[in-house]
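Participant: Task: produce atomic coordinates for the following.
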Amino acid sequence: MAKTVYKGILKTWKDDRGFGFIKPEHDDKDIFVHISSLRGMARRPMRGDVLFYEVEKEAGGKSKAVNVSIEGVEIVKPAKQSKNMWLVLAAIGLIAVAIVTYFSFSAPIQP
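Facilitator: You can find the predicted model right below:
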């Protein structure tokens, strides 16, 4: 089932605390938004931004915005880490062990 995406304006924002409230287009009740719901945005939100979001109910019955994006702001994806990075590290470790072993056994024996 597809989630509904809503649109609203960021009514208040406390940048030092990382949260604010959205004034939804579809409802009179403001929606809480936390900075963690704005992953990948090229900048932090500012009062007056147009936001697109989904609504999720918390355990206490309150609603909060999730999967939030800012209209007109680029989404920046983090650099992908190689899925095979552990293979590279393992190969380096094996090479190091081989070098140490080679030099250990190839050293001349003292009489």
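
Participant: Can you tell me the SS state at the residue positioned nearest the centre of the chain?
Facilitator: Nearest residue to the geometric centre of the chain (Cα atoms, centre = their mean): Arg39, 4.5 Å. With DSSP: H, G, I helix; E, B strand; the rest coil as the basis, Arg39 sits in coil.

Participant: Any chance of the backbone angles for it?
Facilitator: The phi/psi pair for Arg39 (degrees, to the nearest 10) reads phi -60, psi 140.

Participant: and it, how far is that from Ile22?
Facilitator: As for Arg39, its distance to Ile22 is 16 Å (criterion: Cβ to Cβ, to the nearest Å). Bear in mind the C-beta positions are built from the backbone N, C-alpha and C, glycine included.

Participant: do the same with Gly93
Facilitator: Counting by Cβ to Cβ - Gly93 and Ile22 are separated by 50 Å.

Participant: So between the two, which is more surrounded?
Facilitator: Of the pair Gly93 and Ile22, Ile22 is the one with more neighbours under other Cβ atoms under 10 Å, namely 27 against 10.

Participant: So that one is in contact with Ala65, correct?
Facilitator: Yes: between Ile22 and Ala65 there is a contact under Cβ atoms under 8 Å: 5.8 Å.

Participant: any shared contact partners between these two?
Facilitator: Each of 31-33, 51, 53 lies in contact with both Ile22 and Ala65 under the rule Cβ atoms under 8 Å, 6 or more residues apart in numbering.

Participant: Could you work out the most separated pair of those?
Facilitator: Within the shared contacts of Ile22 and Ala65, Phe32 and Leu51 form the most distant pair, 12.2 Å apart (Cβ to Cβ).

Participant: neighbour-wise, which of those two wins?
Facilitator: For Phe32 versus Leu51, neighbours defined as other Cβ under 10 Å are more numerous around Leu51 (24 against 14).

Participant: pLDDT score assigned to the more buried one?
Facilitator: pLDDT recorded at Leu51 is 96.

Participant: where does the protein dip in pLDDT?
Facilitator: 1-2, 78-83, 106-111 (pLDDT under 70).

Participant: Great, nothing more from me.
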